[in-house]
Every structure is written in structure tokens, then in C-alpha cells.
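A.B. asks: Quick one, fold the following:
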Amino acid sequence: MTAELTALTAQSAGEAPAPRGRLRLAAARLAGSRGAVAGLVVLVLLFLLAFAGPYLTPWDYAAPDYASLRQPPSAAHWFGTNGLGQDVFAQTVRGLQKSLVIGLLVAVLSTGLASLVGACAGYFGGWTDRVLTFLVDLLLIFPAFLVIAVLSPRLRGSGWIAFVLLLAVFNWMITARVVRSMTRSLREREFVAAARYMGVGPFRIIWRHVLPNVSSFLIIDATVTVGGAVMSEAALSYFGFGVRPPDVSLGTLLAAGASDAPVFPWLFYFAAGLLVLFVLAVNLVGDGLRDALDPTAAAGRHRTRRRSRSRSTLHPPAGSRTTITPPRRSTP
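C.D. replies: As a prediction, the model looks like this:
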């Protein structure tokens with residue numbers, strides 16, 4: 001009993017060491033997942049391509065080559081050129097860079113806002129919970145795509161940062177509700193009660209005790225949010241509500257090359273392939289993080305698979321023939 005009180009006191013005072021064993025175990029599980037490792041490798045290669053690619057080509061993404069208009073891929077222009085003579089490789093890596101930066105910023109801002117609002121609503125309760133929950137429910141009513149489409153043309157002078165803020169504002173409500181429900185269960189735990197009885201402030205308790213216990217969910221959610229934000233940016237930019245020219249993103253490249261894709265496929269399919277590859281890699285990493293940080297999910301899936309296999313063995317499907325071999329008689 002004394003050892004438990006000592007551990008609770010040390011944890012409440014913030015003297016508990018970091019759970020290195022848990023992090024190592026999660027890293028080992030993540031390294032053992034082939035899909036997650038493949039997704040991480042693809043993500044690293046895409047980031048290298050996005051930020052080192054502009055230095056690999058002598059062409060600027062906005063500089064035209066009037067001697068090469070809509071030329072197919074060649075040694076001079078690796079991905080060909082568009083109707084203005086601009087190098088498609090330079091534009092593609094620039095668009096990939098812009099989309100990745102937008103996705104990362106939206107994921108960080110929306111996950112941070114969701115964790116703050118959800119933790120405060122779940123920990124304080126009462127009127128704070130009612131007001132914040134009402135705000136979340138109110139934002140969930142509004143169609144995010146329509147609101148961003150209406151507000152985006154009015155913020156043209158603010159640059160793409162305003163577009164990032166718009167995406168982040170309408171992308172945190174579901175996560176906040178989950179964090180709220182998790183915080184409501186955590187605030188009654190012994191280590192939180194011990195910290196409260198010792199006079200630790202509520203925001204310090206949220207920062208030191210509540211958020212670390214929901215960090216696995218927040219990491220997984222942020223990973224998935226990056227892919228969703230990149231897809232949202234591409235969709236909005238495709239319809240003209242996102243990144244403005246002369247800057248480019250994957251969405252603007254897809255919008256510019258969609259009509260010419262049957263005749264000039266290099267104007268469309270390079271950007272589309274990178275977008276699909278990025279989203280698939282993010283989903284693989286998200287699945288791997290979920291299994292590494294929450295092993296019960298992977299164990300549940302394995303049990304379901306084994307149960308379905310055993311059922312198929314015990315109860316063969318209708319129409320299948322079952323051959324029963326009679327026992328052999330022993331010869332005297």
C-alpha cells in the first residue's frame with residue numbers, strides 16, 4: 001500500500017520517468033508490421049521528393065519553356081511540359097510540397113484544438129462541458145465543404161495560411177468528442193485524484209496526466225488527419241477554392257490536367273499517382289500505429305479471423321460435398 005501511494009505521489013508531482021519500455025514495445029510492434037514499414041518508407045521518399053526535388057531540376061515550377069509546349073516526358077523535361085511550357089516535374093514536386101505542408105499544419109492545428117477542447121470539457125464538466133459540447137455540435141451541423149467554398153474566395157489576399165485555418169477549424173469536432181469521453185473516465189482515476197488532492201492545478205493535471213493517457217489515440221488521429229487534409233485540399237483546389245495561382249498544389253495540377261488527360265496523360269496522372277500513393281501510405285502507417293499503440297485491436301482482429309476459419313471448418317458451406325471415409329476393418 002505504501003509503495004502504491006509513493007508511486008501515485010511521484011506520478012502526481014511529475015517525477016515519474018517516461019514509459020520507455022512501452023515506447024520500445026510500440027516501436028518493436030510497428031517495426032514488425034510490414035504494411036506500416038512500407039508506408040513509412042513511401043512517406044519518407046515522398047517527403048524527400050517534395051523538398052529535395054526542386055534542387056534536382058534546373059527548371060522552376062513557374063518558368064515557361066516556349067520551345068517545348070505540351071511535350072511528352074524526355075531527358076530535358078522528365079515529366080513533360082504543359083500548355084505554357086512549364087516543367088511538369090517541377091510543378092509536381094512543388095504541388096506535392098505544398099499539399100504536404102498544408103496537410104501537416106491542418107493535422108497539428110486540428111488535433112491540438114480537439115485535444116484542448118475535449119480535455120477541458122471532459123475534465124471540468126458542468127457549464128464548461130455544456131458550452132463546449134454545444135459549440136462542437138453546432139460546428140458539426142454546418143457543411144464544412146460548403147462553408148469553406150463560400151469563405152475561401154473572400155480570403156484570397158490572406159494567402160494559403162487562411163485556407164489552412166479554414167480546414168483546421170472544420171476538422172476537429174469528432175476528435176474532440178472522443179477525447180471528452182476518454183477524459184471523463186480518466187478524471188476519476190487514482191493518479192488524477194491524488195494530484196487533485198495535492199493541490200495541482202487543473203490545467204497542469206490535464207497537461208501532465210490526462211493528455212499523455214490519450215496520446216496514442218491523438219497520434220493515430222493526427223496521422224489519419226494528414227491524409228484527409230491533403231484529400232480535402234486537393235478537392236477544394238480542384239474546384240478552385242484552395243491554393244491560388246501562380247502557386248500550385250496537387251489539387252490545382254489535377255484540375256488543370258483533367259480535361260487534357262486523354263490526349264496528354266502526363267499532365268494529370270503523375271500528380272494523381274502521387275496523391276493516391278501518399279494517401280495509401282498514410283493509411284498503412286495509421287493502421288500500424290493503431291496496432292502498435294493499442295494491441296487489443298490487433299488481437300481482436302486475429303481472434304475474429306480464427307473464429308471465422310474455425311466456423312468454416314466445422315460448418316462447410318451449403319452445396320459442398322463432404323466425403324466420409326469408413327473405418328477399415330482389421331484383418332485377423
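
A.B. asks: What are the buried residues along the longest helix anywhere in the chain?
C.D. replies: The single longest helix within the chain, with elements called by DSSP state H, is helix 88-124. Using 16 or more other CB atoms under 10 Å as the test for burial, helix 88-124 gives 88-107, 109-111, 113-123. In this view, the C-beta of every residue, glycine as well, is placed from N, C-alpha and C.

A.B. asks: Show me what it is packed against.
C.D. replies: helix 34-52, helix 126-141, helix 160-169, helix 173-186, helix 202-205, helix 215-238, helix 250-257, helix 269-293 (3 or more CB pairs under 8 Å, 6 or more residues apart in numbering; DSSP states H and E).

A.B. asks: Looking at the ones you listed, which is nearest to A26?
C.D. replies: helix 269-293 (4.4 Å; CB to CB).

A.B. asks: Tell me the helices and strands packed up against the closest one.
C.D. replies: With contacts taken as 3+ CB pairs under 8 Å, 6+ apart, helix 269-293 sits against helix 20-32, helix 34-52, helix 88-124, helix 215-238, helix 250-257, helix 295-314.

A.B. asks: now do 6 Å
C.D. replies: If you count contacts as 3 or more CB pairs under 6 Å, 6 or more residues apart in numbering; DSSP states H and E, helix 269-293 packs onto helix 20-32, helix 34-52, helix 88-124, helix 215-238, helix 250-257.

A.B. asks: So which residues make contact with it?
C.D. replies: With contact meaning CB atoms under 6 Å, 6 or more residues apart in numbering, helix 269-293 is reached by 26, 29-30, 33, 35-36, 39-40, 42-43, 46, 79, 92, 96, 216, 220, 223-224, 226-227, 234, 250, 253-254, 297-298.

A.B. asks: That helix to helix 215-238, inter-axis angle?
C.D. replies: Put simply, helix 269-293 runs at 170 degrees to helix 215-238, going by axes from the mean of the first three to the mean of the last three CA atoms, to 10 degrees.

A.B. asks: remind me which residues of the stretch 201-332 of the chain are low pLDDT?
C.D. replies: Along the stretch 201-332 of the chain, the parts satisfying pLDDT under 70 run over 294-332.

A.B. asks: swap the cut-off to 90 and go again
C.D. replies: 201-203, 205-272, 275-276, 279, 281-332 (pLDDT under 90).

A.B. asks: contacting residues around stretch 96-103?
C.D. replies: Residues outside stretch 96-103 that contact it (CB under 6 Å, 6+ apart) are A50, V164, V226, A229, V230, E233, S249, L250, L274.

A.B. asks: Would you indicate which residues of stretch 232-250 are buried?
C.D. replies: 232-234, 236-238, 241-244, 247-250.

A.B. asks: ugh, typo on my part, it should be stretch 33-43
C.D. replies: Under the neighbour-count criterion of 16+ other CB under 10 Å, stretch 33-43 has S33, A36, G39, L40, V42, L43 buried.

A.B. asks: and what of stretch 263-271?
C.D. replies: Here stretch 263-271 shows F264, W266, L267, F268, F270, A271 as buried, counting by 16+ other CB under 10 Å.

A.B. asks: Lovely, talk soon.
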